[in-house]
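1. Could you look at this predicted model? Sequence included:
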Protein chains: 4
Amino acid sequence: MQSKSRTIGRDGPSFIEVARRAQIVECAIETIAAIGYAQASLNQIAERAGISKSVISYHFAGKDELIQQVLTDVSQAGAALIWPRVQAETTSAGMLRAYIQSHLDFMRDHPKQVAAVSEILLYHRAQTTAEHDTTPLEERLRQGQRDGEFRTFSPRLMAWTIRAALDEVARQYVADPSLDLDEAARELARNFALATTAHTPGLTHPDSGCQVSRGG
Amino acid sequence: MQSKSRTIGRDGPSFIEVARRAQIVECAIETIAAIGYAQASLNQIAERAGISKSVISYHFAGKDELIQQVLTDVSQAGAALIWPRVQAETTSAGMLRAYIQSHLDFMRDHPKQVAAVSEILLYHRAQTTAEHDTTPLEERLRQGQRDGEFRTFSPRLMAWTIRAALDEVARQYVADPSLDLDEAARELARNFALATTAHTPGLTHPDSGCQVSRGG
Amino acid sequence: MQSKSRTIGRDGPSFIEVARRAQIVECAIETIAAIGYAQASLNQIAERAGISKSVISYHFAGKDELIQQVLTDVSQAGAALIWPRVQAETTSAGMLRAYIQSHLDFMRDHPKQVAAVSEILLYHRAQTTAEHDTTPLEERLRQGQRDGEFRTFSPRLMAWTIRAALDEVARQYVADPSLDLDEAARELARNFALATTAHTPGLTHPDSGCQVSRGG
Amino acid sequence: MQSKSRTIGRDGPSFIEVARRAQIVECAIETIAAIGYAQASLNQIAERAGISKSVISYHFAGKDELIQQVLTDVSQAGAALIWPRVQAETTSAGMLRAYIQSHLDFMRDHPKQVAAVSEILLYHRAQTTAEHDTTPLEERLRQGQRDGEFRTFSPRLMAWTIRAALDEVARQYVADPSLDLDEAARELARNFALATTAHTPGLTHPDSGCQVSRGG
DNA sequence: GATGAATGAGACTTCATTCAT
DNA sequence: CATGAATGAAGTCTCATTCAT
């Protein structure tokens, strides 16, 4: 049954179908995380899965659909973890800390997923047109500035930096799982808290939870 | 006569040999920057260079050596621009600013080189063993801490973040050359100045005087 | 239970078996007529039939048997329409006209069947050994000559020409159903009537009075 | 050097290049003629040529270009033989006879070419849009009618019939080279002479002065 | 009876590399 | 020094067929 021509009947895809697709997606993630996107041929993925190469073609319309599924699955799982925690924060500083913290939490639980997605996005970046759309993160930063909680900076550049830092940590973590993610989270949170907040000399930051106070 | 088995006579590689290699490296850079590493086959490179595909094989042991040469050449050119300016600074803060500024200057003058190297590194990251050696930048940051100029933070993580931010800007600049590099330099310099500097001298952060450590 | 290894019990194939086979044959015909033999994979056929691909394999020993069945079914249906009308004629000229006319009639009523068979024969011609057996049509033409109703010509070549013309009209009709088959029938009938009949007894054709003889 | 990216310099393709392409085209023709278009994979063609499969990809942009080259080569050779002889005739009847005769002459000299082209055209017919353009042959027939030399008939249908007959003879000749082409030429010429000529001047056929028309 | 699932063969294509000239 | 030519490995995808349920 080809995924493309699948007739979604009363029951949709069978349980086995779902399980197989999930398994293949998982193997694809492992393979990409392990040997890199460039080397992750269908052959390699199938080999790791212990299945024939054609099985992938049977459950997915093609390599593209498989990769797309990887992105979708991981993105959804990540968003489900991250955004609720971000939304729960009341201050922009808290939001930023939650954003970083929850990213690294997700990374700890799903290191390969993060690495694989990172690989895929990098490899596709060259081919996909640069997206100049505002990202959710950038929008949050902008909001923090409007609220006067953040100092004046380029939200876009700051967003790029935060994302790049998170991705880099992801890659490093995959390369060396002994990396202390908790410590990395604290460090990143503090670094970007300092970078985004208008610090006011004389006001201390005992717990690094920056206070709002516009200076200059 | 393959480059690898070249017999180094009295004079080493001939002038023509050197010039040819340089030309090929340049063409490789342009091709990779233009169409991405994944699409940059030897065929494509040779075509853009207006030379035969075999010329590359003649002057280089293989594609790997060519790519390695690209990395070497660009890295050397970059280092030649960056480190003198960094060394000229007397304070760690000045050093960091010079590091960022000179990187973006190099980027403006050699966008293709930067783009090509960026592409190559991305595609090879998975295969290259993670280097746990201390990078020069990390060492500088550490020095700034020893001098008491920088606050306490993880030098390694900070170095990662800085490098990641610079790479990200490089990619964005390649994708959209209208990006204002001067502004980006100012922004990044300020962001990392804030992140690295203990703005409230005398007040330490006992709860986070940590380093990103391995193990556990 | 494979069709080939089917155990013919008391009653032979069951009613369901027969019906299923007929349905599959029909779907195969429609698919081949619609998208061409080259594109008509079992997948395509099963999809159009709304059945599983395996059903075909279950009821037929393989694709070959299915295709063979298509040929058989259509040929039988065609023969059932054509030969009675041909037999009903008393003269050879009438027979020829009836042959052509009934072919085009069958074509009008069963355009897909004709198209499918046409496609199949084309694709299998190279593989099937050329049949040097005398065809029924050729035999009829020969009879017309014996009766003195037809002039002297090569019956085999004439039969080839007639069949080729009918096939060509079939293909054209499938490609463009607005083709006027009645008109085509009249035209073909007249053309071959003129070609086969010694129209002016006593008038010789000194410039090309060729005899029919096989072999060089 | 890929055919597509070939830079046509001063001298154009090298002698060897031309020879290799010609050889491959020839092998493609032989293969198609021998085992049919459907079975004529690049593997098969390369095998018969005694070369590697990649050699074909080296000299041709892809299978499509190879097949196109086969069509072009054979069509040009055929046209070069046929049309001068047709043009040399002064009467329409002579033209038609020359058309048939020269086709079979070409067939005798290049049986495989004719068979291959026949196969290719048949296999592509289903995919290519039916051409409703007037063919040169049809135009000639029309001219013969205007001159009053030919009787009234549908030029399009007659052209179809003639072409179909020639193609059929080609296939039969390939299947059985002992076929007497001279006799076939005489037979076909006579058949179509009879079919096209108003053999009884003064006797018109008012009931069938029709053309194969569309619509309805 | 029926079918979802799996599979191996083979198709076309791209690519880095090698070789003879 | 240079290159046209050739090649084999590997990639993605399609397909007819087989098997366990």
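-> Happy to help now that I have it.
2. If you average the pLDDT over stretch A:20-38, what comes out?
-> The predicted model assigns stretch A:20-38 a mean pLDDT of 92.
3. quick one: buried residues of that stretch?
-> A:20-21, A:24-38 (16 or more other CB atoms under 10 Å in any protein chain shown). For the C-beta atoms, the positions are set from N, CA and C on the backbone; glycine is no exception.
4. Identify each buried residue in the longest helix belonging to chain A, please.
-> Longest helix in chain A by number of residues (criterion: DSSP state H): helix A:63-88. Neighbour-count burial for helix A:63-88, counted by 16+ other CB under 10 Å, picks out A:66, A:67, A:69, A:70, A:73, A:74, A:78, A:81, A:82, A:85, A:86.
5. Which residues are in contact with the second one?
-> For residue A:67, the set of contacting residues under the criterion of CB atoms under 8 Å, 6 or more residues apart in numbering or on different chains consists of A:28, A:120.
6. related to what we said a few turns ago, the longest helix of chain A: what's the following helix or strand?
-> Per DSSP states H and E, the first helix or strand lying C-terminal to helix A:63-88 is helix A:92-109.
7. Distance to DNA strand E added to the buried residues of helix A:63-88, as TSV?
-> Shown next, in TSV, are these (distance: CB to the nearest atom of the strand, whole Å):
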residue	distance to DNA strand E
A:66	14
A:67	18
A:69	15
A:70	18
A:73	18
A:74	22
A:78	27
A:81	29
A:82	32
A:85	36
A:86	38
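8. Over to residue A:179: give its phi and psi.
-> The phi and psi values for residue A:179, taken as degrees, to the nearest 10, are phi -60, psi 130.
9. Tell me if I'm right that it and residue A:172 touch.
-> Yes. Residue A:179 is in contact with residue A:172 according to CB atoms under 8 Å; the separation is 5.9 Å.
10. per-residue pLDDT, residue A:216?
-> The model's pLDDT for residue A:216 equals 34.
11. Just the CA atoms of stretch A:62-76, as PDB, please.
-> What follows is stretch A:62-76 as a C-alpha-only set of coordinates in PDB (Å, rounded to 0.1, in the frame of the first residue of the first chain):
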ATOM      1  CA  GLY A  62      10.100   8.500  -1.300                       C
ATOM      2  CA  LYS A  63      13.100   9.700   0.600                       C
ATOM      3  CA  ASP A  64      11.600  13.200   0.700                       C
ATOM      4  CA  GLU A  65       8.500  12.100   2.500                       C
ATOM      5  CA  LEU A  66      10.600  10.200   5.000                       C
ATOM      6  CA  ILE A  67      12.700  13.200   5.800                       C
ATOM      7  CA  GLN A  68       9.700  15.400   6.000                       C
ATOM      8  CA  GLN A  69       8.200  13.000   8.500                       C
ATOM      9  CA  VAL A  70      11.300  13.200  10.600                       C
ATOM     10  CA  LEU A  71      11.000  17.000  10.700                       C
ATOM     11  CA  THR A  72       7.300  16.900  11.400                       C
ATOM     12  CA  ASP A  73       7.500  14.300  14.200                       C
ATOM     13  CA  VAL A  74      10.400  15.900  16.000                       C
ATOM     14  CA  SER A  75       9.100  19.500  15.600                       C
ATOM     15  CA  GLN A  76       5.800  18.500  17.000                       C
END
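12. and it, what's its mean pLDDT?
-> Stretch A:62-76 comes out at a mean pLDDT of 95.
13. quick one: the lowest-mean-pLDDT helix or strand in chain A to chain centroid distance?
-> When each helix and strand of chain A is scored by mean pLDDT, DSSP states H and E, helix A:111-125 comes last, with a mean of 85. Centre-to-centre, helix A:111-125 and its host chain are 9 Å apart (CA atoms, centre = their mean, to the nearest Å).
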